[in-house]
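J.: Whatever this is, show me its structure:
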Amino acid sequence: MKTNCFITAIGAGTLLLAENAGAFILANNSEHDITGIYTAAPDSPDWGKNLIKGRHLGSKQSCSLAIEVASDKFDLLIETRTGKKQEFHEYPAGVRQITLKTGGESFFTVK
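T.: Alright, predicted model coming up:
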């Protein structure tokens, strides 16, 4: 099931550089409900705002996210309904889909 949550992230804590802007699909193939999705540049200590604040991405659901990145890579922080947090590092800016799996693993596709 696909959840409609298209989010454009522009502002504080957001990654900025128009040439690398784009949307990607975040697929939750884990067994956890996601209540927080954050992005940051690889060297940034600030995760910025929750991109799905007030919503959740359930198990086996996906959504489209649009961010603008400041470098050729970005990091992702996922928070579950139970409060567990998992960081994923150095996704390429041109990523088209990120799939999260149970056990803290992920894989991605580019173009």
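J.: what stretches of the protein score poorly on pLDDT?
T.: 1-22, 110-111 (pLDDT under 70).
J.: all strands of it, in order?
T.: 7-9, 22-29, 34-40, 61-67, 73-80, 85-92, 95-101, 105-110 (DSSP state E).
J.: list the buried ones in the second one?
T.: Along strand 22-29, the positions that meet the burial threshold by neighbour count (16 or more other C-beta atoms under 10 Å) are Phe24, Ile25, Leu26, Ala27, Asn28. For every residue, glycine as well, the C-beta is placed using N, CA and C.
J.: doesn't Val95 make contact with the second one?
T.: Yep, that's Ile25 we're talking about. No. Using C-beta atoms under 8 Å, Ile25 makes no contact with Val95, being 9.3 Å away.
J.: if we compare the strands of the chain, which one ends up closest to Gly54?
T.: strand 34-40 (9.1 Å; C-beta to C-beta).
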